[in-house]
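S.K.: Need a 3D model of the sequence below.
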Amino acid sequence: MTYPSEEMRKPSRVLIAGGTGYLGKNLVKASLAQGHPTFVLVRPDFVSNIHKAQLLISFKQAGAHLVEGSFDDHDSLINAVKKVDVVISTMAENQLLQQLKLVRAIKEAGTIKRFLPSEFGMDPARMEHAKEPANVIFQQKMAVRHATEAAGIPYTYISANCFAGYFLAGLAQYNQFVPPLDKAVIYGEGNHKVIWVDEGDIAKYAIKTIEDPRTINKTIYIRPPLNILSLREVVGMWEKLCGRVLDKPTIHEEDWLITMQQDKSMTFETRVAMAIFYHIFFKGELTNFDVDGKEQLEATQLYPQVEYTSVERYLSRFV
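M.R.: Coordinates of the predicted model:
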């Protein structure tokens with residue numbers, strides 16, 4: 001018996017749930033760019049949101065297929081899933097457990113060759129000790145993992161570390177998305193290594209994994225070598241690029257924890273963000289372990305042909 005060569009294989013059909021979201025739109029573009037027939041799950045009421053409607057029409061014009069489906073309509077999810085070979089979810093943090101409905105539909109359809117649940121940040125399997133309330137997010141991601149594995153669905157988990165738009169663009173200044181020109185707060189000593197990854201690159205690597213037999217039932221970490229830098233190193237790089245010396249006050253770990261735990265006026269989302277900042281910048285938990293090369297693989301080693309965006313090149317756009 002002969003098997004089709006790599007070149008002769010038809011590209012996998014990909015369904016993206018959450019395609020109008022922050023990372024989802026990048027995945028739609030990357031899937032199309034890599035030649036995959038791309039389907040975007042849309043709710044029946046999408047026409048009532050002008051931003052989503054315009055984005056979805058732009059996807060359609062680029063060649064994507066819009067598939068109506070609702071997480072409250074099991075049959076519609078099954079119908080959507082049966083159109084494709086691969087399902088990628090980029091559900092928002094307040095919708096993570098909705099993916100359990102998607103897992104049930106994938107299991108019932110029985111045709112999916114790979115499922116990428118909504119992960120893309122820190123590896124939840126390493127965050128059992130996470131501070132409240134971030135622990136809730138990680139527990140929900142693990143619940144989706146457990147359901148996926150119990151259903152026997154082939155999966156790939158993507159750990160992409162720090163999204164550049166959220167963290168790098170504002171030099172990790174909370175709720176700031178362009179680099180400051182006067183002051184950059186440093187968390188603790190500011191010397192823990194952090195991994196900063198452009199969202200477009202995350203999408204490119206994620207799409208690369210969906211047909212790769214090496215990545216089936218594995219966790220893939222995206223760790224671009226040039227982008228493993230401490231906050232102090234990133235701030236220093238920005239100072240050189242913009243030609244200024246910034247004031248760099250520090251926040252001590254104890255003060256951060258006191259604010260995080262005692263300020264009852266903060267929203268749930270803010271408290272989650274502060275807890276994640278704590279683990280990244282005060283404890284250095286993005287780089288305090290090695291990728292084992294067996295159950296865990298590193299994306300830039302798997303796909304050296306992908307030209308990723310360096311921290312310096314990313315920041316240079318703001319000069």
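S.K.: what comes up buried for stretch 10-24?
M.R.: Under the neighbour-count criterion of 16 or more other C-beta atoms under 10 Å, stretch 10-24 has Ser12, Arg13, Val14, Leu15, Ile16, Ala17, Gly18, Gly19, Thr20, Gly21, Leu23, Gly24 buried. To be clear about C-beta, it is placed using only N, CA and C from the backbone, and glycine gets the same treatment.
S.K.: Run the chain-centre distance for it.
M.R.: Relative to its chain's centre, stretch 10-24 lies at 13 Å (C-alpha atoms, centre = their mean, to the nearest Å).
S.K.: Ok, stretch 157-172 next?
M.R.: Per C-alpha atoms, centre = their mean, the centroid offset for stretch 157-172 relative to its chain is 8 Å.
S.K.: which SS class is Lys88?
M.R.: One thing to correct before we go on: residue 88 is Ile, not Lys. strand (DSSP: H, G, I helix; E, B strand; the rest coil).
S.K.: Can you give me the neighbour number for it?
M.R.: By other C-beta atoms under 10 Å, 30 other residues sit near Ile88.
S.K.: Report the contact partners of the nearest residue to it once chain neighbours are set aside.
M.R.: What sits nearest to Ile88 in space, not counting adjacent residues and going by C-beta to C-beta, 6 or more residues apart in numbering, is Leu116, at 4.4 Å. Residues in contact with Leu116 (C-beta atoms under 8 Å, 6 or more residues apart in numbering) are Val86, Val87, Ile88, Ser89, Tyr155, Thr156, Tyr157, Ile158, Ala206, Thr209, Ile210.
S.K.: ok, now how distant is the residue nearest to Gly188 when sequence neighbours are not counted from Leu171?
M.R.: Spatially, and ignoring its direct neighbours in sequence, Gly188 is nearest to Phe282 (4.8 Å; C-beta to C-beta, 6+ apart). Phe282 sits 16 Å away from Leu171, going by C-beta to C-beta, to the nearest Å.
S.K.: what's the answer for Thr309, then?
M.R.: Thr309 is 16 Å from Leu171, by C-beta to C-beta.
S.K.: Next: Gln305.
M.R.: For Gln305, the distance to Leu171 - C-beta to C-beta - is 30 Å.
S.K.: neighbour-wise, which of these two wins?
M.R.: Neighbour count, other C-beta under 10 Å: between Gln305 and Leu171, Leu171 has more, with 21 against 6.
S.K.: who's in contact with the more buried one?
M.R.: With contact taken as C-beta under 8 Å, 6+ apart, Leu171 is in contact with Pro179, Pro180, Ala184, Leu231, Val234, Val235, Trp238.
S.K.: Strands - which of the residues you listed land there?
M.R.: Secondary structure from DSSP state E places none of the contacts of Leu171 in strands.
S.K.: Arrange the residues you listed in JSON lines, one row each, with pLDDT, distance to Ser316 and neighbour count as further columns.
M.R.: Shown next, in JSON lines, are the contacts of Leu171 (pLDDT from 0 to 100; distance: C-beta to C-beta, whole Å; neighbours: other C-beta atoms under 10 Å):
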{"residue": "Pro179", "pLDDT": "98", "distance to Ser316": "11", "neighbour count": "22"}
{"residue": "Pro180", "pLDDT": "98", "distance to Ser316": "16", "neighbour count": "17"}
{"residue": "Ala184", "pLDDT": "98", "distance to Ser316": "17", "neighbour count": "24"}
{"residue": "Leu231", "pLDDT": "98", "distance to Ser316": "18", "neighbour count": "25"}
{"residue": "Val234", "pLDDT": "98", "distance to Ser316": "13", "neighbour count": "24"}
{"residue": "Val235", "pLDDT": "98", "distance to Ser316": "15", "neighbour count": "21"}
{"residue": "Trp238", "pLDDT": "98", "distance to Ser316": "10", "neighbour count": "23"}
